[in-house]
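Enquirer: Give me the fold of what follows.
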Amino acid sequence: MRSFIRVIFILLFLPALGFGQSGLDTLSLESIFYDPLLAGNRPDIVSFSPDQSHIYYQANDSSMTKEEMFKRPVTGGERTLVSENIEQNFRVSPDRQKLLYIDQGDVWIADLNFDNRQQLIDSKAEEYGAMWSPDSERIAFVQDGDIWMINIKTSKLTQITSKKEDEPGFSVEGWAGNDKLVLTQYDTSDYEEYYFPEYVGQYVKPGSTRRGIARQLVSVANLQTNKVDLLIENKGYIDTDISAEGNYLAIDVTGPPMKKREITFFELSSKKPTTVFEDSTKGWLYNTEIAFAPSGDKLMILSEKDGWNHIYTINPDGSNLQQHTQGEYEVSWAEWINGETVVYASTEVGPGERHIYRMNIKRNETEKLTTETGYRQNFELSENKNHLVYQYSYFNEPFELYSLNLGNESGEKRLTQTIPERFNKIDWQKEDYIRFTARDGETKLSMSVLEPINEKGKSSYPVVVFVHGAGSLQNVYKGWSNNYYREFMFHQYLTARGYYVIEVDYRHSTGYGREFREDVTNWMGKYETRDIIDGIDYLAEHYPQADTSRVGIYGGSYGGFMALYATSVAPGYFDAAAALRAVTNWENYYHTNPWYTQPRLGTPEADSAHYARSSPITYVEQLEDPVLILHGLTDNNVGFQDAAQYIEKLIQTGDKEFDMMMYPSERHSFEDADAWFDEYSRIFDFFNKHLQDEED
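Expert: A predicted model of the protein is given here:
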């Protein structure tokens, strides 16, 4: 604890400050959390229209939470509300004559304009996963865990698989030519049962769920011989892709610890396997993708093999492995345009920006297609490869949909205008985007800084540190926070009331290379805390009015874990911590989410020291400062057990200042606006009580 004396008090709800450009202040806790949404309803891409001329997207012009589906020309133009008879999830036949979709559990086809609808299957069972054959004459689908096929010309129905009662059901991965199907099975028989009780009904429900890491199987079904051959099985993670002509199947296999990756080609006529690519790491593999070219047999691989995620290609026999992008930046997304050309997004300009590029892989010639500084995400390439649609943002401008015509040099075009006028009336502060060097003299860190807005003008202001969740996520970039848009507005609310607000993309975050992400392996919390403290020290050195003797820290999920961990191990830097839906005991999380914890910490049985030193509950006795615990009682991601165990330890340890609030009907991600409002009102009051001086 610091040696200086502070006077703290509960700061009553402050009146609105002159925050709006037009004098109308709409930034309040109510406007942040209640409908109509202050920032509007961000448009989400659904699909391209069957003829590729339009996009379907979800949004709401009235800024209410409930979304509607709209249609807009891919080149721009008027938007129209899509009628209810338009199916959202459809597949166009390879000959582009028919649509395939599932309606109320049955298989249907229709013309490209959704006319002349024809029901192919009418059964009590539910069908799903329907896929066209390359010749557009047959459809494979799943019914009761088995694969069936129907010929749309003859109506002949054929059962392809006949699984035993205790076997996992099949899914269709795709057609390999017109005579083979690639199938997968997802075996969860080793899962264990856990409970997330529900209390708000008339009776308490146990809320049972089964969790674990599945065993996955990949098979190929020969439609001429009616034989199904198992190719590979693996407890862990499998990705597959089929070459354009159906000659090869590529299988990308990663085990549960996510330490080793192996890509194998199967020549489907002989089932002969050839391992062509391997990668291994001390931490965990990330953003592993494979995709065959739209013609030929060349496979594209995204891999961090050299420390940064880059594009590789290879032939089915393992020959001609080439790395096409290289440097200290990441390729976040890539897709083939044709057999020689790839379109991709990367951070080559800087980790806070994503731009779009086109590359000829034969000549390794790259063309940058975007010029405006900003952040781009959620890319969708039209089936005809002519248009790329994505979300774009720049700092305090919420994401909108944009498109690129890949056939000409017209540049990117904005497709949507969904930001409400009331949002634009607020004079949003543009954050300072900072890149600085950590204490080791080598690690580069990204940080955002928002400064207090106060007409009185004082000599010093307290600091609030926000910590993003997930661990493996990037949240400091030159754009609107898609994951934390409520927090973005709440931070501006804090600055209007006399706070600095900072965020550091600590080690473990994505977008900064493999080593940066994996430094936290076997000890989560250690390096993240150091990086956040380095950000506080940078703030103290470069922002004279920032009073770093008064620092609060908060976050949700992994951010909540970090708030408790950092405040416990570094009390000289933090004075109050608000932890939302926080992991307090990583061993609990291992049992219900082993896919997350095992790659980072190992297993509790073999690596108990990793779990103990990474868990805030271990450091409760060291805690010197007040904490606020906020948790949904029915949270089925980070169970309320974590909050209960931590609170019990606080009580048993004694002499600990804490407060808590449970939300009886909320899960990990809150849905009720009242719960959001209550939660952040408590955080605001908590920081006012423990960080503001009496003169404030």
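Enquirer: so where is the protein shaky, pLDDT-wise?
Expert: 1-25, 455-456, 694-696 (pLDDT under 70).
Enquirer: Spell out for me which residue occupies the centre of it.
Expert: Closest to where the C-alpha atoms of the chain average out (Cα atoms, centre = their mean) is Leu473, at 7.4 Å.
Enquirer: which SS class is that one?
Expert: Using DSSP: H, G, I helix; E, B strand; the rest coil, the structure places Leu473 in coil.
Enquirer: was I right about it contacting Tyr506?
Expert: No - when contacts are counted by Cβ atoms under 8 Å, Leu473 is not listed as touching Tyr506 (10.5 Å). Placement of C-beta: from N, CA and C, glycine included.
Enquirer: shared neighbours, the two?
Expert: Overlap of the contact sets of Leu473 and Tyr506 (by Cβ atoms under 8 Å, 6 or more residues apart in numbering) is empty.
Enquirer: Please name every helix or strand in contact with the helix of greatest length in the chain.
Expert: In the chain, taking DSSP state H as the definition, the longest helix is helix 673-691. With contacts taken as 3 or more Cβ pairs under 8 Å, 6 or more residues apart in numbering; DSSP states H and E, helix 673-691 sits against helix 29-33, strand 461-467, helix 485-495, strand 546-556, strand 576-580, strand 627-632, strand 658-663.
Enquirer: Just say which of those is most tucked in.
Expert: Across the helices and strands packed on helix 673-691, averaging neighbours per residue (mean count of other Cβ atoms under 10 Å) puts strand 576-580 on top, at a mean of 28.
Enquirer: follow-up on the earlier one: which one of the helices and strands packed on helix 673-691 lies closest to Lys153?
Expert: helix 485-495 (50.1 Å; Cβ to Cβ).
Enquirer: Can you list the neighbours in contact with the closest one?
Expert: By Cβ under 8 Å, 6+ apart, the residues outside helix 485-495 that reach it are 27-29, 32-33, 38-39, 42, 396, 398, 426, 428-429, 450-453, 464, 466, 480-481, 501, 676, 680, 684, 687.
Enquirer: Please apply the same query to stretch 602-617.
Expert: If you take Cβ under 8 Å, 6+ apart as the criterion, stretch 602-617 is touched by 257, 522-526, 561, 564-565, 568, 582-587, 590, 601, 618, 645-646, 649.
Enquirer: who touches Glu421 in this structure?
Expert: Counting by Cβ under 8 Å, 6+ apart, Glu421 makes contact with nothing.
Enquirer: Actually, Gly639.
Expert: By Cβ under 8 Å, 6+ apart, the contact set of Gly639 is Tyr194, Phe196, Asn588, Thr592.
Enquirer: Count the residues that sit near the closest residue to Asn396 other than its chain neighbours.
Expert: Excluding the flanking residues, the one nearest Asn396 by Cβ to Cβ, 6 or more residues apart in numbering is Trp428, at 4.0 Å. Other residues within reach of Trp428, judged by other Cβ atoms under 10 Å, total 19.
Enquirer: Please settle this for me: is Trp428 part of a strand?
Expert: No - applying three-state DSSP, one finds Trp428 to be coil, outside a strand.
Enquirer: Gly339 is in contact with Asn360, correct?
Expert: No - using Cβ under 8 Å, Asn360 is not in contact with Gly339; the gap is 10.7 Å.
Enquirer: How about the contacts made by the residue nearest to Phe561 when sequence neighbours are not counted?
Expert: In space, and not counting its chain neighbours, Phe561 is closest to Val583: 4.3 Å by Cβ to Cβ, 6+ apart. Going by Cβ under 8 Å, 6+ apart, Val583 touches Ser557, Tyr558, Gly560, Phe561, Tyr589, Ser615, Pro616, Val638, Asp642.
Enquirer: Tell me the one of those nearest Gly457?
Expert: Gly457 has its nearest neighbour among the contacts of Val583 in Gly560, at 34.0 Å by Cβ to Cβ.
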